[in-house]
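Peer 1: Next one to model:
(one chain, ligands or ions: 1)
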Amino acid sequence: KVSTAERRWTLDDFDIGKPLGSGKFGNVYLAREKRSNQIVALKVLFKSELKQSQFEHQVRREVEIQSHLRHPNILRLYGYFYDETRVYLLLEYAAKGELYKELQKCTYFSERRTATYISSLARALIYLHGKHVIHRDIKPENILIGLQGELKIADFGWSVRTFNRRQTMCGTLDYLPPEMVESAEHDATVDIWSLGILCYEFLYGVPPFEAKEHSDTYRRIVNVHLKFPSIPIVSPGAKNLISQMLVKDSSQRLPLHRLLQHPWIVQNANPSG
Ligand SMILES: Nc1ncnc(NCCc2cnc(NC(=O)Nc3cccc(C(F)(F)F)c3)s2)c1Br
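Peer 2: Model (predicted):
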């Protein structure tokens, strides 16, 4: 078993296999840890691509956040190591690869497949938020598919731990470091919005506010200019769920536990997830 205990991994501990994907900052390879024969995914990040000082802090934060997470729909990050030029992330291997490629291949998903995916992601987010972690970057590119076809939320390189706001709100903000002030701005409902975007994109094949120009996309987001195309045909229940998640006032977005009880989810999601 790839232990999460702090031990000094080096590249020599692994046989490197085929490339699995190329993400931001670097590529991912199939790898096998020589001693245990455990299969892992090894993400290679080039230090030159990461602002030298920031990456150590960000990798540590990602490993710190992920080392406390255990959920079937959250990809494990076992640890990291680095050499003079690269940083290596030791990750759980998702055998069926990247969700965005599956969506490209299918153009869009059925209502049953979408409801099953959305309910499993909602359960993962309920777990995550219960650990005071918000992901902040839920999108097809950050979701992988496990051996049984189950979804796995990945890439916590941009997630934050939320501090209980009482602790920060009553004291003066003046002495708080940026990362604490920043997390005070984002609350967990940002992930509900992104899950709503994801549900729309699963059903229609495109995100709801997509536009040629960034300025147009920005305007459509802030105006929540939500339109449902007539093709493909999508049930009123699905549109109702999406409309309850893509709400500008974050306090009015459908809470995740209520999402799991929504009639469209109950009628369409495969219970095993
Ligand atoms: N089939 C597969 N099975 C497993 N994994 C696969 N791909 C890797 C998915 C990832 C999981 N977690 C990640 N995390 C980061 O990338 N973090 C990240 C990113 C940039 C900068 C930094 C930092 F260095 F700045 F912190 C940290 S990528 C594939 Br394809």
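Peer 1: neighbours around the residue of the stretch 151-273 of the chain found nearest the ligand, how many?
Peer 2: Closest to the ligand within the stretch 151-273 of the chain is residue 157: 2.9 Å, counting by Cβ to the nearest ligand atom. (C-beta placed from N, C-alpha, C; glycine too.) Residue 157 has 21 neighbouring residues, counting by other Cβ atoms under 10 Å.
Peer 1: per-residue confidence at the residue lying closest to it once chain neighbours are set aside?
Peer 2: Nearest non-adjacent residue to residue 157, counting by Cβ to Cβ, 6 or more residues apart in numbering: residue 62, 5.4 Å away. On the pLDDT scale, residue 62 is placed at 89.
Peer 1: doesn't residue 76 make contact with residue 62?
Peer 2: No: taking contacts as Cβ atoms under 8 Å, residue 62 lies outside contact range of residue 76: 12.0 Å.
Peer 1: Within the sheet, what are the partner strands of the helix or strand that contains residue 17, with directions?
Peer 2: In this structure, residue 17 sits in strand 14-23 according to DSSP states H and E. The strands beside strand 14-23 in its sheet (DSSP bridges) come out as strand 26-33 (antiparallel).
Peer 1: packing partners for the very next helix or strand once past the partner strand?
Peer 2: As assigned by DSSP H and E, the chain's next helix or strand after strand 26-33 is strand 38-46. Helices and strands touching strand 38-46, as assessed by 3 or more Cβ pairs under 8 Å, 6 or more residues apart in numbering; DSSP states H and E, comprise strand 14-23, strand 26-33, strand 86-91.
Peer 1: Would you mark the buried spots in strand 38-46?
Peer 2: When burial is assessed from 16 or more other Cβ atoms under 10 Å, strand 38-46 yields the following buried residues: 38, 40-45.
Peer 1: Quick check on residue 219: phi, psi?
Peer 2: phi -60, psi -40 (degrees, to the nearest 10).
Peer 1: give me every residue that touches it.
Peer 2: Contacts for residue 219 were tallied using Cβ atoms under 8 Å, 6 or more residues apart in numbering; they are residue 225.
Peer 1: same question, the one 5 residues further on
Peer 2: Contact criterion Cβ under 8 Å, 6+ apart gives 246-248 as the residues in contact with residue 224.
Peer 1: between those residues, which has the most around it?
Peer 2: residue 246 (22 neighbours).
Peer 1: circling back to that earlier point, tell me the angle the strand holding residue 17 makes with strand 38-46.
Peer 2: Here strand 14-23 runs at an angle of 60 degrees relative to strand 38-46 (axes from the mean of the first three to the mean of the last three Cα atoms, to 10 degrees).
Peer 1: where in the stretch 151-273 of the chain is pLDDT low?
Peer 2: 163-186, 273 (pLDDT under 70).
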